[in-house]
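> have a look at this fold, sequence not included:
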């Protein structure tokens, strides 16, 4: 999916919602466990009920690969049923030397045809650029994440006072462009989103941390939105686990709709 196609979807749906698919066998509704493929059944119903409001879906690969070969089969089936007009994210957080990265890219971009994959920048340029060689595919680079441990490294300053995440933003823009490179920026970082936007004014941000992690959608839009929206705000647990009963998909729809309605207001305000 191209940048213009993504923005077109955002405009058509008046939404910048990404639904995260984190299907945990210990958390999905118990009645699904009798299904031949409980994880697939869970994801399928979530997708069907939220597709009106979501412009992106983000399967967390760990929840699938933990199940071995069957998990990979399930992931492929889930990828196949995602609507063709949505942006698809393989949340795999890969990041290895060039030969390995190239094969990771082939796995997610060719074998399963995802639009994007999350990548860790720690090993530098040759671990990232193999993903950028694929036409109309995206790297979503970890920049300023929402987890507590992000403080261990991402805010460490160099001798000039520049934090590490700023160095990542500056250097990586030599490798890719706003047409194929996004950044993960956590919603729980508040006003720091504005600092990231200054460093990367035209890039899209994938923003986790809204909902269950306590991030503010209004703050994300205030500090992070640009003229092309520039945001994909992810909600996982707050949507997919809003109910543990047989009505889980209907309740998930209601939660997605709530975020969508708030997003419409914010888009009217800032775009």
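On my side now, so go ahead. Predicted model only: the values in this text are computed from it and were never measured.

> and the helices in the stretch 51-200 of the chain?
Shown for the stretch 51-200 of the chain, the helices assigned by DSSP state H, counting those that start in this stretch span residues 61-65, 69-81, 98-105, 125-132, 164-172, 192-199.

> so which elements touch the longest one?
Applying 3 or more C-beta pairs under 8 Å, 6 or more residues apart in numbering; DSSP states H and E, one finds that helix 69-81 contacts helix 38-50, strand 54-59, helix 61-65. Just so you know, the C-beta spots here come from the backbone N, C-alpha and C atoms, and that holds for glycine as well.

> next, format the ones you listed as CSV and append mean neighbour count and distance to residue 5.
Below are these laid out as CSV (neighbours: other C-beta atoms under 10 Å; distance: least, C-beta to C-beta, whole Å):
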stretch, mean neighbour count, distance to residue 5
helix 38-50, 21, 19
strand 54-59, 27, 10
helix 61-65, 19, 24
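
> nearest to residue 105, of those?
Closest to residue 105 of the helices and strands packed on helix 69-81, according to C-beta to C-beta: helix 61-65, at 13.7 Å.

> could you give the average pLDDT over the closest one?
Regarding helix 61-65, the rounded mean pLDDT is 98.

> tell me which other helices or strands it touches.
In terms of contacts (3+ C-beta pairs under 8 Å, 6+ apart), helix 61-65 is packed against helix 69-81, strand 87-94.

> buried deepest among the ones you listed, which one?
Highest mean neighbour count of the helices and strands packed on helix 61-65: strand 87-94, a mean of 23 (counted as mean count of other C-beta atoms under 10 Å).

> reformat the helices and strands packed on helix 61-65 as a markdown table; add distance to residue 54.
Putting the helices and strands packed on helix 61-65 into a markdown table (distance: least, C-beta to C-beta, whole Å) gives the following:
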| stretch | distance to residue 54 |
| --- | --- |
| helix 69-81 | 13 |
| strand 87-94 | 9 |
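
> I'd like these laid out as a markdown table, including distance to residue 146 and mean pLDDT.
Shown next, in a markdown table, are those (distance: least, C-beta to C-beta, whole Å; pLDDT from 0 to 100):
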| stretch | distance to residue 146 | mean pLDDT |
| --- | --- | --- |
| helix 69-81 | 24 | 98 |
| strand 87-94 | 13 | 98 |
